[in-house]
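Asker: I would like to see how this sequence folds:
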Amino acid sequence: MIDQFARLTLSEKAAISIEKTEENYILDLASQPSDPGGDGILAVTGTNNSIRLHSRQNLALKGKITGHQGVVSSVKFGTREPALVYSSSLDATVRCWDTRDKNNQVHKYEGQGDERGMFLSLSVSCDDRTVCCGTEGIDGDTWIMFWDRRKPGIPIRRFTECHNDDITQVQFHPSEVHKMASGSTDGLINIYDLRETDEDDAIEMTLNTESSVGKLGWKGPGGDNLYCITHLETFHIWDSEGDLLAEHKNLKENFKELDYLVDCFEDGSSNFFLLAGSHNGDMQVLSLGDAKSTKCSTVGSLCKGHTDTVRSLSYSSSGCSLVTGGEDGMLCLWTPNNNGREPVTSHSKDSMKVKDKKSRTKPYSKGAKT
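Answerer: Have a look, this model is predicted:
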C-alpha cells in the first residue's frame, strides 16, 4: 500500500465556482458509501452557502444543493441511507437532503431561543437515527444538540456544560451507536456514553490536547482508536481506555517544507497516514505505521494540483485514491494508476473558476481579513 501512495499522481481536477470575485474556499468533503468499484458521490461544501455533488470516480458535477443562508460548515452522508446527506451551517440550522429528489430538502433542525448558535460541527450516528451538532461559543456558552433524524424540530437532547468554547468537532463512533466524542478550541476532548441520561454521567472521560482541537476521528480495528489534529499542527492518538498511544508535536520542525496538517486516514491494514501541506498547495503523505508508532516518514508527494492551503480530504481504500479540496476552490483527484498522463480538467462554464487573489477572507468570518 505504501508503494501505491508513492505513485499517487494528479488524474482529475475541477473548480467549484466561476465567479471572478467570489472567494469560495472548499471547507469539507464527504464521500457517499457505495459498493466496491461503484461511482459514489462526493458532497463538497464551500463558503458560498451551497453543497455541490461530484462523482467520486472522476469529479464530474452531479448536482448542486442550495437552501442554507450561511456558510455550510460540515457535511455527512447517511450510512444506512446513503442517498441522504446532512449539512450544518452558520445560519444556525442543520438540514437533511435527498440526493435523489430534485427538491432535495427533507428536514430542517434547529435550536430554540438562546440556543440558536452557529453550527460548526456535525455527525450522524451509524444507524442514521441521531443527528448531532456542536455550536460556536457565545460568552462562554456552547451547546451540543441531538435530534431524532425522523423528527425535525426541538432537539431531543442537549449538552450545555461539556465545553466552554467553540465545539469544532463531534464524531459518533462508526459502529457503536451510543458512543460519541467531541472536541473544542478549549483544548478538551470528551468521550460520551449516550445511554446515560445525565450529561455529567454521560462523559466517560476527558482528554486534554493542550491546544485547540481541529480534527477528530475514530480509526483502527473496530474504531478503537481516537485521533486528534490540533490547530498547532500536533497529532495525538488514544486507545479505547484513554491511554495515549502516540503523539507527534514537532512535525513542522521535522519536515521543514510542511506548514500544516490536513487530516488523518488509514489503509485497509489499519496503518495510519497523515496528509500534510504547504501554503502553496503542495502536499506530502506521511506514514505513521500503526497506532502505537512514534516514527513518521514521507511516502509520497502530491504536487501541482492546488495553489493554496488544502483543507479537507476523502480517501478510498478500494482504489487507493485520494480527493483533496482547498482554499483555491479546487477539487483534485489523486490515483496511483495514472501512467504519467496529464491531469484531466473540466472546462465547462459551471465548473471552472477564475480566482481574484487580491484579498482573502476567513471562511467563518467573511468580513475579517487574513
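Asker: CA only for contacts and neighbour counts going forward, please
Answerer: OK.
Asker: Below-threshold pLDDT in this structure: ranges please.
Answerer: Low-confidence regions of the chain, defined here as pLDDT under 70, cover residues 1-7, 16-23, 34-39, 113-116, 337-370.
Asker: Tell me the strands beside the helix or strand that contains residue 299, with direction?
Answerer: When secondary structure is defined using DSSP states H and E, the element that contains residue 299 is strand 297-302. In the sheet, strand 297-302 lines up against strand 283-289 (antiparallel) (DSSP bridges).
Asker: how about the partner strand: buried residues?
Answerer: By neighbour count on 16 or more other C-alpha atoms under 10 Å, the buried set for strand 283-289 is 283, 284, 285, 286, 287, 288, 289.
Asker: ditto for stretch 117-131
Answerer: Applying a neighbour-count criterion of 16+ other C-alpha under 10 Å, the buried positions in stretch 117-131 are 117-126, 128, 130-131.
Asker: Please apply the same query to stretch 303-311.
Answerer: Buried residues in stretch 303-311, counting neighbours by 16+ other C-alpha under 10 Å, are found at 303, 305, 306, 307, 308, 309, 310, 311.
Asker: Just put the buried residues of stretch 117-131 in CSV and tack on distance to residue 334 and secondary structure.
Answerer: As requested, those are arranged in CSV below (distance: C-alpha to C-alpha, whole Å; DSSP: H, G, I helix; E, B strand; the rest coil):
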residue, distance to residue 334, secondary structure
117, 37, coil
118, 33, coil
119, 31, strand
120, 28, strand
121, 27, strand
122, 27, strand
123, 26, strand
124, 28, strand
125, 29, coil
126, 28, coil
128, 30, coil
130, 33, strand
131, 31, strand
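Asker: tell me the contacts of residue 179?
Answerer: 172, 173, 191, 192, 193, 194 (C-alpha atoms under 8 Å, 6 or more residues apart in numbering).
Asker: Test of understanding: give the bridge partners of it.
Answerer: Listed beta-bridge partners, residue 179: residue 193 (assigned using DSSP bridges).
Asker: buried residues in the helix or strand where residue 95 lies?
Answerer: Taking DSSP H and E as the definition, one finds residue 95 inside strand 93-98. By neighbour count, and taking 16+ other C-alpha under 10 Å as the criterion, the buried residues in strand 93-98 are 93, 94, 95, 96, 97, 98.
Asker: And for the first one, nearest residue in space, chain neighbours not counted?
Answerer: For residue 93, the nearest residue in space outside its immediate sequence neighbours is residue 110; the separation is 4.8 Å by C-alpha to C-alpha, 6 or more residues apart in numbering.
Asker: Now for the one you found, how many residues are close by?
Answerer: When counting by other C-alpha atoms under 10 Å, one arrives at 24 neighbours for residue 110.
Asker: distance of it from residue 282?
Answerer: Remark: distance between residue 110 and residue 282 (C-alpha to C-alpha, to the nearest Å) = 39 Å.
Asker: right, and the residue nearest to residue 93 touches residue 158 too?
Answerer: No. With contact defined as C-alpha atoms under 8 Å, residue 110 does not reach residue 158; the gap is 11.8 Å.
Asker: Identify the bridge partners of residue 314.
Answerer: For residue 314, the beta-bridge partners are residue 323 (DSSP bridges).
Asker: For it, give me its contacts.
Answerer: For residue 314, the set of contacting residues under the criterion of C-alpha under 8 Å, 6+ apart consists of 29, 30, 31, 322, 323, 324.
Asker: since we're on the fifth one, how many residues are nearby?
Answerer: Meaning residue 323. Using other C-alpha under 10 Å as the criterion, residue 323 is surrounded by 24 other residues.
Asker: again with the last one
Answerer: Around residue 324 there are 23 other residues, counting by other C-alpha under 10 Å.
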